[in-house]
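Colleague: Following is a predicted model, sequence given first.
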Amino acid sequence: MFHTNSRNRMSAVALMVVVGLGSLTACQTLPNRGDLPDPQPGPVVEGERAGQGAAQHGGLPADRIAEALERRAAEHRALSERFAGVPADRIEEQLARERDE
């Protein structure tokens with residue numbers, strides 16, 4: 001009798017493993033490319049932020065770029081500590097006043 005129960009349990013476990021693996025592999029099938037829309041280009045950044053990004057550091061050695069990124073991160077940390085808990089509209093007003101001065 002013990003032999004029959006363990007065989008039933010093993011069959012149930014094996015069935016669950018097979019069903020589980022089958023469901024995982026079903027999720028990994030690739031979509032039909034004919035069903036997908038054509039990729040669209042990203043937004044074009046204009047104005048004040050147009051020069052920022054990877055082109056901003058073009059031609060600089062890697063150590064200079066790393067230093068610039070560290071400085072910028074330190075500035076961002078200082079601003080986040082300074083304005084912690086302050087509403088966004090108040091932050092904008094205060095930064096605008098400081099720019100005007």
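Modeller: Happy to help now that I have it. Numbering: from 1, shown residues only.
Colleague: Let's test this: mean pLDDT of the helix or strand containing S11, rounded?
Modeller: S11 is part of helix 2-27, with elements assigned from DSSP states H and E. Average pLDDT, helix 2-27: 70.
Colleague: for stretch 74-84, same thing?
Modeller: Stretch 74-84 comes out at a mean pLDDT of 90.
Colleague: what's that stretch in contact with?
Modeller: Stretch 74-84 is contacted from outside by I91, using Cβ atoms under 8 Å, 6 or more residues apart in numbering. C-betas here are computed from N, CA, C, even on glycine.
Colleague: quick one: buried residues of it?
Modeller: Under the neighbour-count criterion of 16 or more other Cβ atoms under 10 Å, stretch 74-84 has nothing buried.
Colleague: in this structure, which spans are helices?
Modeller: 2-27, 62-82, 88-100 (DSSP state H).
Colleague: Export these to TSV and append columns for distance to P41.
Modeller: Below are the helices of the chain laid out as TSV (distance: least, Cβ to Cβ, whole Å):
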stretch	distance to P41
helix 2-27	30
helix 62-82	27
helix 88-100	30
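Colleague: So which of these is nearest G42?
Modeller: helix 62-82 (22.4 Å; Cβ to Cβ).
Colleague: With just CA atoms, put the closest one into PDB.
Modeller: Extracted in PDB, the C-alpha atoms of helix 62-82 (Å, rounded to 0.1, in the frame of the first residue of the first chain):
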ATOM      1  CA  ALA A  62      37.000  59.000 -19.800                       C
ATOM      2  CA  ASP A  63      38.400  60.200 -16.500                       C
ATOM      3  CA  ARG A  64      37.200  63.800 -17.200                       C
ATOM      4  CA  ILE A  65      33.800  62.500 -18.000                       C
ATOM      5  CA  ALA A  66      33.700  60.400 -14.800                       C
ATOM      6  CA  GLU A  67      34.700  63.500 -12.800                       C
ATOM      7  CA  ALA A  68      31.900  65.600 -14.500                       C
ATOM      8  CA  LEU A  69      29.400  62.900 -13.700                       C
ATOM      9  CA  GLU A  70      30.500  62.700 -10.100                       C
ATOM     10  CA  ARG A  71      30.200  66.500  -9.700                       C
ATOM     11  CA  ARG A  72      26.800  66.500 -11.200                       C
ATOM     12  CA  ALA A  73      25.700  63.600  -8.900                       C
ATOM     13  CA  ALA A  74      27.000  65.600  -5.900                       C
ATOM     14  CA  GLU A  75      25.000  68.600  -7.000                       C
ATOM     15  CA  HIS A  76      21.900  66.500  -7.400                       C
ATOM     16  CA  ARG A  77      22.400  65.000  -3.900                       C
ATOM     17  CA  ALA A  78      22.800  68.400  -2.400                       C
ATOM     18  CA  LEU A  79      19.700  69.700  -4.100                       C
ATOM     19  CA  SER A  80      17.700  66.600  -3.000                       C
ATOM     20  CA  GLU A  81      18.800  67.100   0.600                       C
ATOM     21  CA  ARG A  82      18.100  70.900   0.400                       C
END
